[in-house]
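Asks: 3D model of this:
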Amino acid sequence: MRIGRVLSAEGEVGWALLESDSGCARWIRGRFSDWAPLVALGSISEIELASGQLQADGFRLLAPIEPGARIFGVGLNYLEHLTRLGSSAPPHPLSYLKPESAIVGPNEDVIYPAVTQQLDYEIELVAVVACELADSPHASSCLLGYTIGNDVSARDAGRALGRLDLFTQKAMDRTTPLGPWVETIDGAGGAGQPALDLTMTVNGQVRQKDNTREMIFSLDEILNYIDARCVLRPGDLVFTGSTSGVGLESGLFLQPGDIMEAYIEKIGTLRNAVSKPRRLSPHRQRGPIGAP
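Replies: Numbers count the residues shown, from 1 in each chain. Down below sits the predicted model:
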């Protein structure tokens, strides 16, 4: 079952149940923290839906993120990717936070930042939290479902420092596509480790291709790792890492005008273009801002 965050023609924004056959939608009434746990439990019939339908031409999809939700990322989670970079599997996940301002919705442009010359694509399965993990024996049973993320990164960030600069690499405004909707857990194969094919193309050329079963750290392990540091809350998003084939390996970095299409089995396709580079005011170019 698909659930999306939508903007109606009348300007109303909220979560809606999407009908894949007709393209129509119905508003979900109530707070996310009230209805999302019901969906995670499979009690979809208990959520309150609006009586009327939104016709397919009467709304557009937004990034499927609950306002105020936190966005966690995990790196170094596919062995082939690490092997190509000359690294081995780490002893535990590497995680980071993104601001909500980094998120871009489906069919929206990624802003090419002013402080990088090596912009890279990274397809990722994104878990959407429905309720606190609490004492659940399986963390993944507390998920609403999955969506698609494209963790666009500035690969030359921190080069002058000689160390990792995750803030510049991962957190810049409007650089992280998300969407187009959330596929609920039952529609994506159930709780536990997902086994979904994923493919990233740039201008129609396949760059990344793998399956989520190849993660080094399982979804449950990733959720446990994050929850041990920040108690996961309803609506939080967890990017679960990307596989091999990125521009960092080949030198084929993104350019303005490029079209990225991220596909994950049982979820769909997330399409975004890269805009012209952002230009800084001369007054904002002063000092050690870390521009390439």
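Asks: My guess is N272 contacts L254. True?
Replies: No: with contacts defined as Cβ atoms under 8 Å, N272 does not count as touching L254, sitting 10.4 Å away. All C-beta spots, glycine's among them, are computed from the backbone N, C-alpha and C.
Asks: Overlap in contacts, these two.
Replies: Taking Cβ atoms under 8 Å, 6 or more residues apart in numbering as the contact definition, N272 and L254 share the neighbouring residues V110, M260.
Asks: Which one's more surrounded, those two?
Replies: Legend: neighbour count by other Cβ atoms under 10 Å for N272 and L254, higher for N272 (24 against 20).
Asks: Neighbouring strands - and their directions - for the helix or strand containing that one?
Replies: With elements delineated by DSSP states H and E, N272 resides in strand 268-277, which encompasses its position. The partner list of strand 268-277 in its sheet, established with DSSP bridges, is strand 110-112 (parallel), strand 259-264 (antiparallel).
Asks: How much space separates A160 from P292?
Replies: Distance of A160 to P292, given as Cβ to Cβ, to the nearest Å: 9 Å.
Asks: Could you do W35 as well?
Replies: As it turns out, when the distance is counted by Cβ to Cβ, W35 lies 46 Å from P292.
Asks: Looking only at neighbour counts, state which of these two leads.
Replies: Here W35 and P292 are compared on neighbour count by other Cβ under 10 Å; more neighbours surround W35, at 23 against 12.
Asks: how about the more buried one, secondary structure?
Replies: helix (DSSP: H, G, I helix; E, B strand; the rest coil).
Asks: Apart from its neighbours in sequence, what residue is nearest it?
Replies: The shortest distance from W35 to any residue that is not its chain neighbour, by Cβ to Cβ, 6 or more residues apart in numbering, is 4.4 Å, and that residue is I47.
Asks: Please apply the same query to G14.
Replies: Nearest residue to G14 in three dimensions, chain neighbours excluded: W27, at 5.8 Å (Cβ to Cβ, 6+ apart).
Asks: neighbours around the one you found, how many?
Replies: By the measure other Cβ under 10 Å, the count of residues near W27 is 19.
Asks: In this structure, where is pLDDT below threshold?
Replies: Along the chain, segments meeting pLDDT under 70 are nowhere present.
Asks: ok, 90 please
Replies: Counting by pLDDT under 90, the chain has low-confidence residues at 20-21, 42-45, 80, 83, 85-88, 159-160, 162, 164, 190-191, 291-292.
Asks: Can you name the residues that contact Q118?
Replies: Contacts for Q118 (Cβ under 8 Å, 6+ apart) come out as A154, R155, D156, G247, L248, F253, P292.
Asks: Show the contacting residues for the second one.
Replies: Residues counted as contacts of R155 (Cβ under 8 Å, 6+ apart) are T116, Q118, L119, D120, Q169, G247, L248, F253.
Asks: one more time with 6 Å, if that's ok
Replies: Each residue near R155 by Cβ atoms under 6 Å, 6 or more residues apart in numbering is listed here: Q118, D120, L248.
Asks: Lovely, talk soon.
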